[in-house]
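Asks: Model the structure of this input:
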Amino acid sequence: MSRIGKKPIAVPAGVDVKLDGNKITVKGAKGELSYVFNSDITVAVEGSEIIVTRPDDEKEHRALHGLTRTLIANMITGVSEGYSKTLEINGVGYRAQKQGKNLVMNLGFSHQVIVPEIDGIAIEVPGPNQVIISGADKQLVGQFAADIRKKRPPEPYKGKGIKYAGEYIRRKEGKAAKGAKK
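Replies: Have a look, this model is predicted:
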């Protein structure tokens, strides 16, 4: 049995779970999410727990078992607590600010980089070098943060660019180090 798939998912108070065939809808304080799972997998709501089971030990069913359970658990966490990613902007003159519903960043280009806020995502700028992306959908928050990071990824020589908070950037030595080795 899958170690992850066989764990029941606890549904906290204030979260509504609806099961309609092979579609599950979760509604909570942070929003509403739905997911259509594979018809071979069985999902049952028993009291304040959700149980995910599979028909047999076929390789595809084993893979879908843990995946389905994890996606449903992420939905429940998302609508009750939410997810967030913090980005840090490093570099001289690099900064971000919020103008209306847009994130406006100066990243060393001849123009400003403008990223509009999308549905299900909230952008906060607590400081000129920090951006916080938050929302209920874990996948959407991660993808939006990755898209912003892609505007100016950190470079290995001085570390300038946009990076995740806590991300380690491997540094390289410059040209001067090559001649000094002889």
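
Asks: Using just helix, strand and coil, how would you label the most centrally placed residue in the chain?
Replies: Nearest to the mean C-alpha position of the chain, by CA atoms, centre = their mean, lies Gly142 at 2.6 Å. At Gly142 the chain is in helix, as set by DSSP: H, G, I helix; E, B strand; the rest coil.

Asks: isn't it right up against Lys85?
Replies: Yes: with contact defined as CB atoms under 8 Å, Gly142 reaches Lys85; the gap is 6.5 Å. Where C-beta positions appear, they are placed from N, C-alpha and C, glycine not excepted.

Asks: thinking again about what came up before, and the residue nearest to the centre of the chain, how far is that from Ala13?
Replies: 27 Å (CB to CB, to the nearest Å).

Asks: Next secondary structure after the longest helix anywhere in the chain?
Replies: For the chain, the longest helix by residue count, based on DSSP state H, is helix 59-80. Sequence-wise, the next helix or strand downstream of helix 59-80 (DSSP states H and E) is strand 83-90.

Asks: can you pull out the strands in the chain?
Replies: Along the chain, the stretches classed as strands by DSSP state E are 9-10, 16-20, 23-28, 31-36, 42-46, 49-53, 83-90, 95-99, 102-106, 113-116, 121-127, 130-135, 161-164.

Asks: Relative to Lys150, which of the ones you listed is closest?
Replies: strand 161-164 (8.4 Å; CB to CB).

Asks: Output the below-cut-off pLDDT ranges for this structure.
Replies: 1-2, 177-182 (pLDDT under 70).

Asks: can you list the strands of the chain in JSON lines and add distance to Ala176?
Replies: Conversion of these to JSON lines gives the following (distance: least, CB to CB, whole Å):
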{"stretch": "strand 9-10", "distance to Ala176": "56"}
{"stretch": "strand 16-20", "distance to Ala176": "61"}
{"stretch": "strand 23-28", "distance to Ala176": "56"}
{"stretch": "strand 31-36", "distance to Ala176": "53"}
{"stretch": "strand 42-46", "distance to Ala176": "61"}
{"stretch": "strand 49-53", "distance to Ala176": "58"}
{"stretch": "strand 83-90", "distance to Ala176": "22"}
{"stretch": "strand 95-99", "distance to Ala176": "30"}
{"stretch": "strand 102-106", "distance to Ala176": "29"}
{"stretch": "strand 113-116", "distance to Ala176": "32"}
{"stretch": "strand 121-127", "distance to Ala176": "33"}
{"stretch": "strand 130-135", "distance to Ala176": "32"}
{"stretch": "strand 161-164", "distance to Ala176": "22"}
